[in-house]
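Student: sequence first, predicted model second:
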Amino acid sequence: MIAVERLRKSYFVHRREPGLRAALRSLVHRPREEVKAVDGVTFRVGAGERVGFLGPNGAGKTTTLKVLSGLLHPTSGHVSVAGHTPQDRSPDFLRQITLVMGQKQQLLWDLPPSETFLLNRAIYDIPRPQYDETLAELTDLLGLRGLLDKPTRQLSLGERMKCELAVALLHRPRILFLDEPTIGLDVTMQATVRGFVRAYNERFGATVLLTSHYMDDVAALCPRVLVIDHGRLIYDGSLDELVRRVRPDKRVLLKLSRPVEARDLTKLGSIVSQTDAQAVLQVSQSELQGAVQRALAQLPVVDLTVEDPPLEEVMRELFERGVAEGAA
Amino acid sequence: MSLRAAARAYPALLRAGFAGAVAYRAEFLIWMFSTNMPLIMLALWAAVARSGPVGGYTQRGFAAYYLSTLLVRLLTGSWVVWELTMEIRQGVLALRLLRPLHPLIAYSAENLAAVPLRGIVAIPVVSILLWTARGQLGHDPLLWLMLLPALLGAWLLTFLVMALIGTLALYVESAASLFEAWLGVSAVLSGYLVPLDLFPQAVQRIALALPFRFLLSFPVELMLGKHGRGESFALLGAQWLYVAFALLATNLVWRAGLRRYSAYGG
């Protein structure tokens, strides 16, 4: 469905020091600097896959999505989406995709969302029965009842995002590019959006490519992740495997019936945190079994859980280590 | 999107544009009342003409000219240049580019849809005023009929020039100030401030050869019955030639601009 080969995209940006003198100098001379936003990325995504794009700010995630949706021309490399070259922006291609940007909206600000819906029906030339059916389905899945006839500016951020998703999917695109779709939303609304994306993917077999700063989004939605840093792809595979590779350690969470000495805990692993009633230990994979047995035998344990380290921490470590070690 | 598909979508685009114009009714009224330059010029010239006609214009003649100017201005107004430069700067144009519809077609519908609303307010007021100067208006019904394509041509030319200059924002940051410059020249050479036939011969010749006249003065000239049928037809043809040329130029600049477009915030 999506094939990207050695994609490169670079921009030229003007550089200017702060201050009046620099401002005057920039009148006549503006040094330009090439910024490599995407630097030789290759991957393929099959039909119906849900893939998460991870990377720090400025890593090249959004740039890649913009190239894939035809908004940016690649500097070099080859990109094919649903059999089309995106930058040609052929109507047939545009009808098959959608790009939702959490920070930009296509709803008409002063009109109710229903107006934008009708407008898109005309622009995408959606037959009436299909429009009614899709709208009913989206209303159901997203809980839009009562929202569609209020002016967009009077909707809350979460309500607006739900309507944004609906309007972006009215034409039943086969490929969804979602750029930070849950940004700024509260936890409940994030879960609603996630549930919806998954339902849409399953219902229509649509391909989903998602970027998000919320690791929970990616963990809940994407069996496969692509990690991009400084414009380069540094990992392509499952999230579990990524966690195992970057942080083979496990977290052992102990609920205690009475306080214990720190030295008793350090015998089992390194202490991440400790209170009177609870302790979190970091234990390597190979020592896990022994550590758990000893904890149960020697300590006043009420409850014991073994977890992977939090995704945020895994990612931080991955990016701090840099390309060399994390490379797939 | 094929032109046929765009034509099918156009009524819905107009409807949404009209709903938008109605939603902005307060801004809209302020804009209309701020388009009062012809009335100021009318007061000025009427005072000058009190002691006798100026270059063939009596007080009533000036009234007919400036009220016609006001009407044409209200019916052919567009704001696409501001919208376009803002949307390019903020990266919102990206959302338009994702739809299978040429953004300029969408803009044209949004701008055109506001015309009826302006008409509802403008036509009765200005018509009553014009009635007082009816002796100065043209009498040939054919020329009045010709006013319709001339108004459409003037609107299209205004829109396309604005779209062309707005599109330059894809290349340079100062497209809006470039438009201010165009506006300044246009105010003088389109007959917005002063009737073109009051200019000295040399300036007049230049003004009549440039496209500015067709933005405003030409429909006004038709209303005032300044030319016979034959000359009016020729002028209408010239106006639409400029329209075709502007369409071509805008299209070229747009295509080349899109290739450079880097969707800010990437």
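Tutor: Good, I have the coordinates.
Student: residue of chain A closest to chain B, please.
Tutor: Going by Cβ to the nearest Cβ, chain B is nearest to residue A:122 of chain A, at 3.2 Å. Using the backbone N, CA and C atoms, a C-beta is placed for each residue, glycine as well.
Student: ok, that residue touching residue B:17?
Tutor: No: judged on Cβ atoms under 8 Å, residue A:122 makes no contact with residue B:17 at a distance of 11.9 Å.
Student: what comes into contact with the host helix or strand of residue A:191?
Tutor: Following DSSP states H and E, one finds residue A:191 within helix A:187-204. Contacts of helix A:187-204 with the rest of the structure, by Cβ atoms under 8 Å, 6 or more residues apart in numbering or on different chains, involve A:48, A:50, A:137, A:141-143, A:158, A:161-162, A:165, A:169, A:172, A:174, A:176, A:178, A:181-182, A:185, A:206-208, A:210, A:214, A:216-217, A:220-221.
Student: buried ones among those?
Tutor: A:50, A:137, A:141-142, A:158, A:161-162, A:165, A:169, A:172, A:174, A:176, A:178, A:181-182, A:185, A:206-208, A:210, A:214, A:217, A:220-221 (16 or more other Cβ atoms under 10 Å in any protein chain shown).
Student: in strands, which of those fall?
Tutor: Judged by DSSP state E, the subset of the buried ones among the contacts of helix A:187-204 located in strands is A:50, A:176, A:178, A:207-208, A:210.
Student: tell me which of the residues you listed is nearest to residue B:247?
Tutor: residue A:176 (35.6 Å; Cβ to Cβ).
Student: what's the pLDDT at the closest one?
Tutor: Residue A:176 is assigned 95 on the pLDDT scale.
Student: name the residues linked to the closest residue in space to it that isn't next to it in sequence by a beta bridge.
Tutor: The shortest distance from residue A:176 to any non-neighbouring residue, by Cβ to Cβ, 6 or more residues apart in numbering or on different chains, is to residue A:208 (4.7 Å). In this structure, residue A:208 has beta-bridge partners residue A:50, residue A:176, where bridges are defined by DSSP bridges.
Student: contact partners for residue A:172?
Tutor: Counting by Cβ under 8 Å, 6+ apart, the residues that residue A:172 touches are A:130, A:134, A:204.
Student: cool, residue A:151 as well?
Tutor: With Cβ under 8 Å, 6+ apart as the criterion, the residues that contact residue A:151 are A:110-112, B:23.
Student: that one and residue B:68, how far apart?
Tutor: As for residue A:151, its distance to residue B:68 is 38 Å (criterion: Cβ to Cβ, to the nearest Å).
Student: next one: residue A:127
Tutor: According to Cβ to Cβ, residue A:127 and residue B:68 sit 47 Å apart.
Student: backbone phi and psi for residue A:232, please?
Tutor: Here is the backbone geometry of residue A:232 (degrees, to the nearest 10): phi -110, psi 150.
Student: for the residue in chain B that chain A sits nearest to, which non-adjacent residue is spatially closest?
Tutor: When distances are taken as Cβ to the nearest Cβ, chain B reaches nearest to chain A at residue B:12, 3.2 Å away. Using Cβ to Cβ, 6+ apart and skipping the chain neighbours, the partner closest in space to residue B:12 is residue A:122 (3.2 Å).
Student: from residue A:204, how far off is the one you found?
Tutor: According to Cβ to Cβ, residue A:122 and residue A:204 sit 22 Å apart.
Student: so those two - more neighbours on which side?
Tutor: Taking neighbours as other Cβ atoms under 10 Å in any protein chain shown, residue A:122 and residue A:204 compare with residue A:122 leading, 20 against 16.
Student: ok, the more buried one - contacts?
Tutor: For residue A:122, the contact set (Cβ under 8 Å, 6+ apart) comprises B:8-9, B:11-13.
Student: quick one: residues contacting the nearest residue to residue B:50 once chain neighbours are set aside.
Tutor: Spatially, and ignoring its direct neighbours in sequence, residue B:50 is nearest to residue B:59 (6.6 Å; Cβ to Cβ, 6+ apart). Remark: with contacts taken as Cβ under 8 Å, 6+ apart, residue B:59 is in contact with B:46, B:49-50.
Student: residue B:9 against residue A:121, yeah?
Tutor: No: shown here, residue B:9 and residue A:121 do not form a contact pair, counting by Cβ under 8 Å, at 9.0 Å.
Student: what about those two, which has more around it?
Tutor: Taking neighbours as other Cβ under 10 Å, residue B:9 and residue A:121 compare with residue B:9 leading, 24 against 21.
Student: helices of the stretch 151-300 of chain A, start to end?
Tutor: Counting by DSSP state H, counting those that start in this stretch, the stretch 151-300 of chain A has helices at residues A:157-169, A:187-204, A:215-221, A:239-246, A:262-266, A:288-298.
Student: quick one, which of the ones you listed gets closest to residue B:201.
Tutor: Of all the helices of the stretch 151-300 of chain A, helix A:157-169 comes closest under Cβ to Cβ, at 58.3 Å.
Student: need the residues that contact that closest one.
Tutor: Defining contact as Cβ under 8 Å, 6+ apart, one finds that helix A:157-169 is touched by A:98-100, A:102, A:105-107, A:113, A:116-117, A:120, A:134-135, A:138-139, A:142-144, A:147-148, A:152, A:155, A:176, A:181-182, A:184-186, A:189, A:192-193, A:196, A:200.
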